[in-house]
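> What follows is a predicted structure for the sequence shown.
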Amino acid sequence: MSWFRARTPRFCLALIVAVYLFLAVGFGVANPIFEAPDEQHHFFTAEYIADHGRLPVVDPANKWIGQEAAQPPLYYLLGSLLIRPIETGVAEDWVWPNPFVRLGDASWPNNWNAFVHTDQENWPWRGPVLAVHLLRLFSAVLGVGTLLFIYGTARLVWPEQPDRWLLAAAVVAFLPQFTFLHGAVTNDALIILLSAAGLWQLVRLWLQPITRGRLLLLGLTVGLAALTKATGLLLLLYAMGFLLLRAWRDGRQETAWQTAVYLLLPALLLSGWLYGRNWLLYGDPTAANQFVSYFGGSRAFGLREVLAESSGLWLSLFAVFGWFNVRPPDWIYWLWNGVVLAAAAGALKQCEFRITSYQLPTTNDQLRRLCQRPAMVGWLLLGWFLLVYAGLVRFMMLTPAAQGRLLFPALIPMALGLAFGLSYWRRWAMVVVPALALLTSLISVFVVIPRAYAVPQPLGMRDWPETTVVLNQDLGQGVELIAVDLETTVVQPGGSVWLTVYSRRTMPQPLAPDNDNAPELVVNLFGAETSLAGKLHTYHGRGLYPANLWSEGEVFADRLRVDVYPEIIVPAELRLYLHLLDEAGGAFVGELKAAPAPWPLAPDERLAQFGAGLELAAAHFAPQPARPGERLLLTTTWVVTAAPGRDFTLFFHLGDPTAPPLAQGDSPPRGGSYPTRYWAAGEVIDDWYTLDVPSELSDGRYPLWIGFYDPVSGERLPAVVNGERQPHDAYLLGYLTVE
């Protein structure tokens, strides 16, 4: 039994690592090629080194490598060795960027994909696709090393508490963001591993004797980290401070010299050339200016603006996939937030006595004794987390970078902090937390990712709702618009219009379909005076499956969202049109109502009522007096008490109502932009009309009349004032003086 107990932690660790590998490889297989942040840049940087045998230089014209040419090269050098035997050809030729991708926006129903994916990515993998998956597997293997160092650090800190060792490894191994990241091509996997290795060595040097071999190994680790990412420079500063504090604690000055020689010298020898090269090439040893320049220059954020992005940083610590636009169900975030809160509560419970009995040190001896306490390791690890976070905040002041993965070099303090707090709850934490964490990763890899990138399936010829309007209109480029279902009938400024478009391929698929012959769907919303009120430009198939990939005769449904501009004039009728880019023809899809939210308050006064539900609340005309040939402007306010349900035209007449008008300004309401068929009870509508005073009109005083009539039959709506119907069904606005 003692033999079994001694080996149980190792068995559980092996099980955790095996499950982690299953998840990471699963993400690597399920996630389409390059659907992870900057993955194509990482891949093409490694491929460039494999093909040319030298490091790339930042070139704005090279969109495939991008800003990654300024990154430290260790990950790419190792990756190039792995893929060098593979014949990738001209890898750029098979990459199909999606120009309509919605980066960082998970609210859209389509265009989550940064690239269009074709059968070339299917199994069996060949050429560049095989190279990408090999590098993804390399990242997954690096993650195994990270888990082992997390486990080993926990074992150093708590030598008699194997439950904490396993818990620290499990919460990271089953963290969806960690497994997703390690199923992608990214240099983050290597810097996370080297940071974890460096922290494990530092904790060992704090708790155990310092030897030259251990210092030299740490120097090599830190140097490799500095060759992987700029975070390695932070690790070098941290390690120097860590070991100098250790030397001060023990009162040994010679240790400080050993630190300088055996830590600093190897690190500088390994990585110093790179930062000198950056200085010569870019005028910045870290080449950070190249990243800032690539994203349009420094955004000069202050601390307040950076902290305002904390919600995105927090969510992406747990699970944000794709290009920060694929999110799992909200319950996954609630679950992980619950784990963090449970750990925080457990940590407070365990530290309660220590906090109440703690006394501030006042002498050097007391400070040294404080540093000798076991808990000091935890504070030192917290210092590493704060240093990484501070570096990220500084970077976020310059360029958008609110990404939780950039905090993963500090996984050891985060994992050990969670394990410490959760261990207070004992068996509950040991069983339930890993099980729930594993569930979140399984849901992410087998449900969230496949659904996000699932290619739409063809429909039957009548597989759509009865409310759909059948059009059967040829749009050109081998695409026929069969029908449209306009789901939205009323929208506010800044709101969204939803519609489902049913299309069919009318010609055979091209032999080599690509982005050069892919039909591009354009949906336009027009408002008052034919002004553009909203627009959508996209590929068919949710952006995943352009129409030139369809087989002849296949029918597909696209559910689309068109965002309405917030500055449009309301109320108004919006008209929806659809066409293909570069095609002259198009289709009128339908119309809907744009309304304010909320409507203005209704005035108390009523001047007249027309029909069953149109009440005139205010009217004013100017100028008064008017000159012959001048234009008269009438402004009105209408209160709707019952929907008219049909179109009426307003008449605005000058002169005797029993004779033909001397002048008239008949018009649908709001110049025709908001017909009365859209008016509904409770609306308060401001309107205006014009009337040109005849140039030959003699001086005098003339009555002005207003009312509504049916434009088809000419019949007027009854006009009622104070309960009495008015002659000629017209309301007398007043008298216009002409001089």
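Ah, there it is. Residues are numbered from 1 along each chain as shown.

> going forward, measure contacts and count neighbours with C-alpha atoms only.
Noted.

> Now for the residue nearest the centre of the chain: which residues touch it?
Ranked by distance to the mean C-alpha position of the chain (C-alpha atoms, centre = their mean), the top residue is residue 104 at 2.0 Å. With contacts defined as C-alpha atoms under 8 Å, 6 or more residues apart in numbering, residue 104 is in contact with 323, 324, 325.

> Burial check on the first one, number of neighbours?
Going back to what we said before, that points to residue 323. Counted by other C-alpha atoms under 10 Å, the residues lying close to residue 323 total 21.

> Nearest residue to residue 64 in space, ignoring adjacent ones along the chain?
residue 41 (5.5 Å; C-alpha to C-alpha, 6 or more residues apart in numbering).

> Quick check: the gap between the spatially closest residue to residue 506 that is not a sequence neighbour and residue 248.
Counting by C-alpha to C-alpha, 6+ apart, residue 506 lies nearest to residue 478, which is 5.0 Å off, once chain neighbours are set aside. Separation of residue 478 from residue 248 (C-alpha to C-alpha, to the nearest Å) stands at 77 Å.

> Could you tell me the per-residue confidence at residue 507?
We have a pLDDT of 88 for residue 507.

> Now do the same for it: helix, strand or coil?
Here residue 507 is coil, with the state taken from DSSP: H, G, I helix; E, B strand; the rest coil.

> Equivalent analysis for residue 686, please.
Per three-state DSSP, residue 686 ends up strand.

> Same question for residue 248.
From three-state DSSP, the assignment for residue 248 is helix.

> any idea of the pLDDT on it?
Reported pLDDT for residue 248: 76.

> And for it, the neighbour number?
For residue 248, using other C-alpha under 10 Å, the count is 15.

> quick one: it from residue 242, how far?
Note on residue 248: its distance to residue 242, by C-alpha to C-alpha, is 10 Å.

> how about low-confidence regions in the protein?
Counting by pLDDT under 70, the low-confidence segments of the chain come to 1-7, 251-256, 352-375, 461-464, 467, 511-512.

> What are the buried residues along the longest helix seen in it?
The longest helix of the chain (DSSP state H) is helix 127-157. Using 16 or more other C-alpha atoms under 10 Å as the test for burial, helix 127-157 gives 127-155, 157.

> Can you list the helices and strands that the helix or strand just after that helix packs against?
Scanning forward in sequence from helix 127-157 by DSSP states H and E, the next helix or strand is helix 162-173. In terms of contacts (3 or more C-alpha pairs under 8 Å, 6 or more residues apart in numbering; DSSP states H and E), helix 162-173 is packed against helix 2-30, helix 127-157, helix 411-422, helix 427-443.

> Contacts for helix 162-173, please.
If you take C-alpha under 8 Å, 6+ apart as the criterion, helix 162-173 is touched by 9, 12-13, 16-17, 20, 147-148, 150-152, 154-155, 158, 178-179, 411, 415-416, 418-420, 423, 429-430, 433-434, 437.

> just how off-centre is it within its chain?
What separates the centre of helix 162-173 from the centre of its chain is 31 Å, taken as C-alpha atoms, centre = their mean, to the nearest Å.

> hmm, back to that, and the angle from the longest helix of the chain to helix 2-30?
150 degrees (axes from the mean of the first three to the mean of the last three C-alpha atoms, to 10 degrees).

> Which strands or helices does helix 127-157 pack on?
Judged by 3+ C-alpha pairs under 8 Å, 6+ apart, helix 127-157 is in contact with helix 2-30, helix 74-83, helix 162-173, helix 188-207, helix 411-422.

> The third one: what's the following helix or strand?
Looking back up the chat, that one is helix 162-173. Using DSSP H and E, the helix or strand that follows helix 162-173 towards the C-terminus is helix 176-181.

> Strands along the stretch 551-700 of the chain, start to end?
555-563, 572-580, 587-594, 608-610, 614-622, 631-640, 649-654, 663-664, 684-692, 700-709 (DSSP state E, counting those that start in this stretch).

> and the first one, what does it pack onto?
So the one you mean is strand 555-563. Using 3+ C-alpha pairs under 8 Å, 6+ apart, strand 555-563 sits against strand 496-505, strand 532-538.

> domains of this protein?
If you go by automatic domain parsing, the domain ranges for the chain are 2-39+121-449, 469-594, 608-738.

> So for residue 521, which of the helices and strands packed on helix 162-173 sits nearest?
helix 2-30 (28.0 Å; C-alpha to C-alpha).

> how close does residue 665 get to residue 172?
Between residue 665 and residue 172 the distance is 73 Å, computed by C-alpha to C-alpha.

> Next: residue 12.
Residue 12 is 14 Å from residue 172, by C-alpha to C-alpha.

> So these two - more neighbours on which side?
A direct count of neighbours by other C-alpha under 10 Å for residue 12 and residue 172 places residue 172 higher, at 27 against 13.

> on that earlier part again, may I see the helices and strands packed on strand 555-563 organised as TSV, with distance to residue 597 and mean neighbour count added?
TSV is the format used below for these (distance: least, C-alpha to C-alpha, whole Å; neighbours: other C-alpha atoms under 10 Å):
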stretch	distance to residue 597	mean neighbour count
strand 496-505	14	21
strand 532-538	17	20
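
> Format the ones you listed as a markdown table; extra columns: distance to residue 560.
Shown next, in a markdown table, are the helices and strands packed on strand 555-563 (distance: least, C-alpha to C-alpha, whole Å):
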| stretch | distance to residue 560 |
| --- | --- |
| strand 496-505 | 5 |
| strand 532-538 | 8 |
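
> So for residue 232, which of these sits nearest?
Of all those, it is strand 532-538 that lies closest to residue 232, at 41.4 Å by C-alpha to C-alpha.

> helices and strands around the closest one, which ones?
strand 521-526, strand 555-563.

> Next, the residue nearest to the centre of the chain: phi, psi?
As for residue 104, its main-chain torsions (degrees, to the nearest 10) stand at phi 70, psi 10.

> Residue 37 versus that one, what's the distance?
Distance from residue 104 to residue 37, by C-alpha to C-alpha: 10 Å.

> which neighbours do these two share?
By C-alpha under 8 Å, 6+ apart, the residues touching both residue 104 and residue 37 are 323, 324.

> What count of nearby residues applies to residue 395?
Neighbour tally, residue 395, other C-alpha under 10 Å: 19.

> So it: helix, strand or coil?
Applying three-state DSSP: residue 395 is helix.

> roughly how far apart are residue 427 and residue 175?
From residue 427 to residue 175 the distance is 20 Å (C-alpha to C-alpha).

> Looking at these two, which is more packed in?
residue 175 (22 against 12).

> Touching, the more buried one and residue 442? I think so.
No: if you go by C-alpha atoms under 8 Å, residue 175 and residue 442 don't touch, sitting 10.1 Å apart.

> Out of the helices and strands packed on strand 532-538, flag the one nearest residue 533.
Going by C-alpha to C-alpha, the one of those nearest residue 533 is strand 521-526, 5.1 Å.

> Between helix 74-83 and the longest helix of the chain, find me the angle.
With the same axes, to 10 degrees applied, the angle from helix 127-157 to helix 74-83 works out at 130 degrees.

> now helix 127-157 against helix 411-422, angle please.
Using the same axes, to 10 degrees: helix 127-157 against helix 411-422 is 50 degrees.

> Tell me the gap between helix 127-157 and the middle of its chain.
Distance of helix 127-157 from the chain centroid (C-alpha atoms, centre = their mean) equals 27 Å.
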